[in-house]
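Enquirer: Coordinates only, no sequence provided:
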Ligand code: HEM
Ligand SMILES: [Cu+2]
């Protein structure tokens, strides 16, 4: 594979406008991708700060730095920011936008203006959510799930916050539509479905979940607003309503939404592992198919969040069974990644370290999910820190670490400069150790019976909580090293040109940084995404 000498200016230089306007009004998918990256990653950092404050409060029993009301608000805002402002929009918005059109050989997404509009909707929703913290009755204190009846009665600013989430939801739906159309219509010549990079497959599956599931959340949130502002009583048993119905509506979206969070991450891993093992991916078709299977079966398991909320025994049995079924496609992926590694020629660069730790952390998260998916064990650990540990393993150890892998793998491509390798590895090691010290300990605490969403706990939990808090500091230290090293590198580091990782997907055939139109001339695809012959690396 040869790298073309650019004759067109890179997308950084080519602008009709100048300054900020060249960014916030640009319809170039790469610029929009970077807008999403900085906004979603910015919210991630806000969420991390809030998470660290939660851990400081839990460092010792009794009041440490805040009272119960502040704690309730903090974990709610931490959850809302991380879920709705970071991880759901983050992957599709940032790396989906940056990389997907190039990977399929297109010049841009199908609807570039709609793409820009999606970012604007996202920002507007985010501003509304932020406004809810400082106006009316103050930050919501319901948890990110906004469960009724509490969310319809509390005096805090729930209406505005759910309205913000509602607006962000539209952004997500439009991005989904845009991506599905793009992948169907704009693939380059020779880019058959069987040659799509697995990252694109994962985005495609995710996009379907986005457009099919998100409207349900949007309506549900409007119903909560109606409950609060108009007193409709839909969820109020006193007026013939049913609070459990809210939970059904919420989880019909929110369980599929966990796949919006994890699927693109799995796609990144499926792209990174073969490149750094110098082997074609094992079981391409099964990985692509399992993304679709996860999206489909994932829509049928929402009831596992409600085993203790009041459901018939039959429903519990069915939801429990289906939850185990949906574990199968994820297990297929793990099996295929490991088989790709087998006898590969593995190089442990930073993206690969994050990818390998994804496999381990995601597996721990997934297996602890089965303990929650089996009703008999779930009743014991329901609403404890075991659950908190479980979902951080999946969305942070899984999706989050995949996001870091993508940052190290792809950002240099768009900046033309790279970070230093050694500090990146130190950062990874700190984060990996800190992560496990914190969340594994939290899972143990949950097994011992420590409930979630309380600012205080019994003295017997003191030692382990201190350990978990120290873990959060190790993790934070790693995060700081990663940030400083990565961004210093992107702006001032060594040049990054050509195809240093030896990737075989299309983004590695075009100039670094890519020109506005992505390719000098429209590419014609002649080989699969993991066919490494000719990438210049043995
Ligand atoms: C340094 C990083 C982080 C720390 C220290 C942290 C800490 C915590 C703690 C201690 C809780 C439990 C509060 C409680 O139940 O009493 C919590 C809840 C939560 N965290 Fe994190 N977290 C971090 C990163 C993340 C990330 C990356 C995500 C998602 C992408 C996330 C999503 C959530 C969610 C959804 C909740 C549940 C909130 C609720 O109960 O409503 N966290 N976090
Ligand atoms: Cu679920």
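Expert: Alright, I've got the coordinates. Note that this is a predicted model, so its numbers are computed, not measured. Residues are numbered from 1 along each chain as shown. Ligands and ions are numbered 1, 2, ... in the order given.
Enquirer: how about the residues of the stretch 51-200 of the chain that lie near ligand 1?
Expert: Within reach of ligand 1 by Cβ under 6 Å from any ligand atom, the stretch 51-200 of the chain has these residues: 51-52, 54-55, 75-76, 78-79, 82-83, 86-87, 143-144. In this view, the C-beta of every residue, glycine as well, is placed from N, C-alpha and C.
Enquirer: For residue 529, state which of those residues is nearest.
Expert: Among those, residue 87 lies closest to residue 529 (Cβ to Cβ), at 25.1 Å.
Enquirer: Pick out whichever of the residues of the stretch 51-200 of the chain next to ligand 1 sits closest to residue 240.
Expert: Residue 240 lies nearest to residue 143 out of these, by Cβ to Cβ, at 25.7 Å.
Enquirer: Any idea how many residues pack against the closest one?
Expert: Residues contacting residue 143 under the criterion other Cβ atoms under 10 Å number 16.
Enquirer: Am I right that it sits in a helix?
Expert: No: read with DSSP: H, G, I helix; E, B strand; the rest coil, residue 143 is coil and lies in no helix.
Enquirer: Spit out the contact partners of the closest residue to it other than its chain neighbours.
Expert: In this structure, residue 143 finds its nearest non-sequential neighbour in residue 76, 5.5 Å apart by Cβ to Cβ, 6 or more residues apart in numbering. Residues near residue 76 by Cβ atoms under 8 Å, 6 or more residues apart in numbering: 139-144.
Enquirer: Is there a quick ChimeraX command that grabs whichever of these are buried?
Expert: ChimeraX command restricting these to the buried ones, with burial defined by 16 or more other Cβ atoms under 10 Å:
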select :139,140,141,142,143,144
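Enquirer: List the residues that contact the residue in the stretch 351-500 of the chain that ligand 1 sits nearest to.
Expert: Per Cβ to the nearest ligand atom, residue 452 is where the stretch 351-500 of the chain lies closest to ligand 1, at 3.4 Å. Residues near residue 452 by Cβ under 8 Å, 6+ apart: 383-385, 387-388, 446.
Enquirer: Repeat the analysis, applying 10 Å as the threshold.
Expert: With contact taken as Cβ atoms under 10 Å, 6 or more residues apart in numbering, residue 452 is in contact with 75, 143, 382-389, 442, 445-446.
Enquirer: can you tell me the average pLDDT over the helix or strand where residue 79 lies?
Expert: Using DSSP states H and E, residue 79 sits in helix 68-80. The average pLDDT for helix 68-80 rounds to 96.
Enquirer: Can you point out the buried residues in it?
Expert: 70-80.
Enquirer: Stretch 26-46 now?
Expert: The neighbour-count check on stretch 26-46 (16+ other Cβ under 10 Å) flags 26, 28-37, 39-40, 43-44, 46 as buried.
Enquirer: same thing with stretch 354-373?
Expert: Buried, per 16+ other Cβ under 10 Å, within stretch 354-373: 354-366, 368-369, 371-373.
Enquirer: And the strands in the stretch 301-450 of the chain, which stretches?
Expert: All strands of the stretch 301-450 of the chain, identified by DSSP state E, counting those that start in this stretch, fall at 417-418.
Enquirer: Which positions in it make contact with ligand 1?
Expert: So far as Cβ under 6 Å from any ligand atom goes, the stretch 301-450 of the chain lies against ligand 1 at 388, 392, 395-396, 400.
Enquirer: 8 Å instead, please
Expert: Contact residues, the stretch 301-450 of the chain versus ligand 1 (Cβ under 8 Å from any ligand atom): 385, 388, 391-392, 395-396, 399-400, 438, 442.
Enquirer: My read is that residue 285 contacts residue 194, right?
Expert: Yes: taking contacts as Cβ atoms under 10 Å, residue 285 lies within contact range of residue 194: 7.6 Å.
Enquirer: Now the stretch 151-300 of the chain against ligand 1: closest residue?
Expert: Ranking the residues of the stretch 151-300 of the chain by distance to ligand 1 (Cβ to the nearest ligand atom) places residue 261 first, at 7.0 Å.
Enquirer: Now that residue: which helix or strand?
Expert: Per DSSP H and E, residue 261 falls inside helix 243-277.
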